[in-house]
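Q: coordinates only, no sequence provided:
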């Protein structure tokens with residue numbers, strides 16, 4: 001049995017899209033487990049099991065895995081998906097190939113200033129492996145990113161537990177041929193689509209911020225230093241607002257194409 005854990009929050013917009021793609025691309029018996037915080041309970045009909053939850057996304061995924069583990073066998077498969085992620089190709093050969101190499105496979109967003117940790121937009125392991133680690137999606141440990149700055153995010157605890165137990169894992173990397181955005185609208189391993197920030201409004205990541213305009217050069221004149229700080233702050237805010245608007249426009253356009261069921265929407269990325 002394959003158990004799919006995916007929490008939805010605030011909006012039902014991805015529910016029917018995600019569940020329809022799961023039906024299309026999973027060829028083995030599976031169950032979908034989810035939560036619907038802030039969503040009309042009528043959408044529960046799209047899932048096999050609804051678990052009442054509150055709190056942060058990582059904690060919800062941990063809770064779903066805990067509940068699944070109470071009835072699943074060790075050799076059952078446990079798959080985590082973000083609410084705005086879904087398979088776009090036959091999933092089981094992809095999973096079989098990955099788990100033949102290591103007991104856990106997950107997206108790694110190397111494009112986001114070389115993030116080192118598994119990301120919950122897609123991760124598959126066995127229930128037994130998740131119990132034994134034990135798995136945990138919360139952030140915690142930090143690392144130095146590609147710019148030499150300290151960072152950390154969801155999946156940090158899972159990365160550390162894999163390291164401490166010497167458990168290998170397969171990182172599933174971005175495979176877009178075309179990129180509308182350096183991070184969002186990503187295809188991973190030619191099999192998983194992740195819209196990115198599908199439940200938030202224009203959030204900027206590390207890779208976006210790395211593309212921000214360079215600050216004005218420093219000066220030793222005190223009054224000019226203050227003026228340049230104000231100018232840099234204004235330039236940053238202007239750029240940030242423009243970038244957020246750009247992402248929101250792109251996000252809506254891509255979402256509308258996916259929602260309409262256009263057979264060629266993936267041509268934007270492949």
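A: Okay, I see it. These numbers were taken from a predicted model, which means no experiment stands behind them.
Q: rest of the way, CA atoms for contacts and neighbours
A: Fine.
Q: and residue 118, what is it in contact with?
A: 106, 107, 108, 155, 156, 158, 159, 171 (CA atoms under 8 Å, 6 or more residues apart in numbering).
Q: now with 10 Å?
A: Residue 118 makes contacts with 104-109, 137, 153-159, 162, 169-172, as judged by CA atoms under 10 Å, 6 or more residues apart in numbering.
Q: buried ones among those residues?
A: Listed as buried from these are 104-109, 137, 153-159, 162, 169-172; burial here means 16 or more other CA atoms under 10 Å.
Q: next secondary structure after the least confident helix or strand in the chain by mean pLDDT?
A: Lowest on mean pLDDT, DSSP states H and E among the helices and strands of the chain sits helix 206-209, with a mean of 72. Next helix or strand after helix 206-209 toward the C-terminus (DSSP states H and E): helix 222-260.
Q: run the chain-centre distance for that following helix.
A: Offset of helix 222-260 from its chain centre (CA atoms, centre = their mean, to the nearest Å): 22 Å.
Q: likewise stretch 47-58?
A: 16 Å.
Q: list the buried ones in that stretch?
A: For stretch 47-58, a neighbour-count test (16+ other CA under 10 Å) marks 47, 49, 50, 51, 53, 57, 58 as buried.
Q: for stretch 250-261, same thing?
A: By 16+ other CA under 10 Å, the buried positions in stretch 250-261 come out as 250, 251, 254, 255, 258.
Q: ok, so what distance separates the residue nearest in space to the middle of the chain from residue 150?
A: Central residue of the chain (CA atoms, centre = their mean): residue 121, 3.2 Å from the mean position. Using CA to CA, to the nearest Å, residue 121 is found at 22 Å from residue 150.
Q: just the buried ones among the contacts of residue 118: which are in strands?
A: The strands, defined by DSSP state E, take in 104, 105, 106, 107, 170, 171, 172 from the buried ones among the contacts of residue 118.
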